[in-house]
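1. for reference, the sequence and a predicted model appear below.
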Amino acid sequence: MSSLSLQGIRKSFGETHILKGIDLEVRDGEFVVLVGPSGCGKSTLLRTIAGLESPNEGAVHIGERDVTTRPPKDRDVAMVFQSYALYPHLTVRKNLAFGLNLRKEDPATIASRVDEVAKMLGLGPLLERYPRQLSGGQRQRVAMGRAIARRPSLFLFDEPLSNLDAALRAEVRVEIKKLHRELGATMVYVTHDQVEAMTLADKLVVLNGGLVEQAGPPLEVYERPASRFVAGFMGSPAMNFVRAKVEGGRATAPGLDLPAPAEARGEVIVGIRPHDVVEDTEGALVLEVEVAEAMGFETYAHGTLGGEPFVARLEGHARPTAGETLRLRVAPEAVHYFDGESEKALREEDAP
């Protein structure tokens, strides 16, 4: 396996700038997940790594090799697509062997690799079937197996589970995690699914508008978002945001009165996750309920707070009704603060 280094990657299509200067280091054996909204550049970045797109500027290194101008076949990467990309006229066995045949490996090596991969992915009973005879999950396992059989330096995944239903996604996601552990492979994975991102990644990379907004371990990105964008993107339901004024050490808005951090000045954006609030008759937050969604043992109360949309996750069997006013409490350490203009996170270590 190999490391991956991206240096100053820029990519435009005509006047449309997709990647605006991406720097990224992926260690040997690391599992990196790229996330971000549609149009942020994550699939274009993956295709640039694979050699399917050429950057306008910047360099791509795989291990010690500068592959910026090399064609895909000379990069020693394997890509697993959303659409499976299996050959319908070939059996599972021949699909698994396809890349090895292209490289003119000897028949004994091909047979051994195919058997090894089939055993690893539970494809043994399916080797003589055709793709049309397989379920979606089985097809995706074949697509992964074809990549594994080649033993590439780098695995690339482009939203490989998005065509599967929820149960199959969970099943194949676990298989991918096991594969990474067993192979010790370097993997770069694109997804829009936050559960996939949080559970698979060693390093999470959040893209926004063609730039890296934040990169780091998944829990660190979730718990210490670098900006309002990252805070709002990671988590479901999304983090609530309320604009507040800082005066006398307090951040205040209609229905909100919280101690402000020392570094806060003027207008700030207060961020509170729905699951970080609890009902408390003396709480500092006042929520006007508009809709309540009962989800079993928990209820999501939707309403407004400080004139902004706000969602509270309430545990237990209480069911607030439309028009009801709830008082909520939030622990000070669970409150996030962002600068009112730059929308960057305010940290204690940033205090003047």
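-> Happy to help now that I have it.

2. need the strands for the stretch 51-200 of the chain, in chain order.
-> 57-62, 65-66, 77-80, 154-158, 187-190 (DSSP state E, counting those that start in this stretch).

3. and these: which comes nearest residue 290?
-> strand 187-190 (35.9 Å; C-beta to C-beta). Placement of C-beta: from N, CA and C, glycine included.

4. tell me which residues touch the closest residue to residue 235 other than its chain neighbours, please.
-> Computed as C-beta to C-beta, 6 or more residues apart in numbering, the closest residue to residue 235 that is not its neighbour in sequence is residue 273, at 6.0 Å. Residue 273 is in contact with 235, 239-240, 334, counting by C-beta atoms under 8 Å, 6 or more residues apart in numbering.

5. let me know the closest of those residues to residue 73.
-> residue 235 (40.6 Å).

6. and the closest one, what element?
-> In this structure, residue 235 sits in neither a helix nor a strand according to DSSP states H and E.

7. where does this structure have low pLDDT?
-> 1, 348-352 (pLDDT under 70).

8. hang on, the earlier thing: dump the strands of the stretch 51-200 of the chain to CSV, plus mean neighbour count and distance to residue 113.
-> Shown next, in CSV, are those (neighbours: other C-beta atoms under 10 Å; distance: least, C-beta to C-beta, whole Å):
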stretch, mean neighbour count, distance to residue 113
strand 57-62, 18, 21
strand 65-66, 13, 23
strand 77-80, 23, 13
strand 154-158, 24, 15
strand 187-190, 26, 19
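
9. okay, those strands in TSV with distance to residue 181 next?
-> Listed next are the strands of the stretch 51-200 of the chain as TSV, based on distance: least, C-beta to C-beta, whole Å:
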stretch	distance to residue 181
strand 57-62	22
strand 65-66	26
strand 77-80	17
strand 154-158	13
strand 187-190	11
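
10. so for residue 130, which of these sits nearest?
-> Among these, strand 77-80 sits nearest to residue 130 (C-beta to C-beta), with 19.3 Å.

11. which residues in the stretch 151-300 of the chain form helices?
-> Listed in chain order, the helices of the stretch 151-300 of the chain (DSSP state H, counting those that start in this stretch) span residues 166-183, 194-200, 218-223, 228-233.

12. let me know which of the ones you listed is tucked in deepest.
-> The highest average neighbour count among the helices of the stretch 151-300 of the chain, using mean count of other C-beta atoms under 10 Å, belongs to helix 228-233 at a mean of 21.

13. how's the chain carved up into domains?
-> 4-228, 240-350 (automatic domain parsing).

14. between the two ends of the first one, how far is it?
-> By that I understand domain 4-228. One end of domain 4-228 sits 29 Å from the other (C-alpha to C-alpha, to the nearest Å).

15. that domain: how far from the chain's middle?
-> 13 Å (C-alpha atoms, centre = their mean, to the nearest Å).

16. likewise the shortest one?
-> Averaging C-alpha positions (C-alpha atoms, centre = their mean) puts domain 240-350 25 Å from its chain's average.

17. and the residue nearest to residue 228 when sequence neighbours are not counted, what does it touch?
-> Once flanking residues are discounted, residue 228 sits nearest to residue 343: 4.1 Å by C-beta to C-beta, 6+ apart. When contacts are counted by C-beta under 8 Å, 6+ apart, residue 343 touches 227-229, 269.

18. quick check, nearest of these to residue 35?
-> residue 229 (11.7 Å).

19. what's near enough to touch residue 25?
-> Going by C-beta under 8 Å, 6+ apart, residue 25 touches 3-6.

20. at 7 Å what do you get?
-> With contact taken as C-beta atoms under 7 Å, 6 or more residues apart in numbering, residue 25 is in contact with residue 5.

21. with residue 318 instead?
-> Listed by C-beta under 7 Å, 6+ apart, the contact set of residue 318 reads residue 299.

22. let's see 8 Å
-> Here residue 318 is in contact with 279, 299 (C-beta under 8 Å, 6+ apart).

23. if I look at it, how far off is residue 297?
-> 11 Å (C-beta to C-beta, to the nearest Å).

24. do the same with residue 16
-> Residue 16 is 47 Å from residue 297, by C-beta to C-beta.

25. ok, back up a step: closest to residue 247 out of the strands of the stretch 51-200 of the chain?
-> So among the strands of the stretch 51-200 of the chain, strand 187-190 is nearest, using C-beta to C-beta, at 44.4 Å.

26. who's in contact with the closest one?
-> Against strand 187-190 from outside (C-beta under 8 Å, 6+ apart): 4, 26, 30-35, 42-43, 46, 49, 154-160, 176, 180, 196, 200-201.

27. now stretch 134-149
-> Taking C-beta under 8 Å, 6+ apart as the rule, stretch 134-149 contacts 78-81, 84-86, 92, 95-100, 113-114, 116-118, 120-123, 126, 131, 155, 160-161, 163-165, 168, 171-172, 175-176, 179, 183.

28. so how do I select the buried members of these in ChimeraX?
-> Those of the contacts of stretch 134-149 that count as buried under 16 or more other C-beta atoms under 10 Å are selected in ChimeraX with:
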select :78,79,80,84,86,92,95,96,97,98,99,100,113,114,117,118,120,121,123,126,131,155,160,161,163,164,168,172,175,176,179
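
29. run a quick neighbour tally on residue 276.
-> 19 (other C-beta atoms under 10 Å).

30. I'd say it and residue 330 touch.
-> Yes: the criterion here is C-beta atoms under 8 Å, and residue 276 meets it with residue 330 at 5.5 Å.
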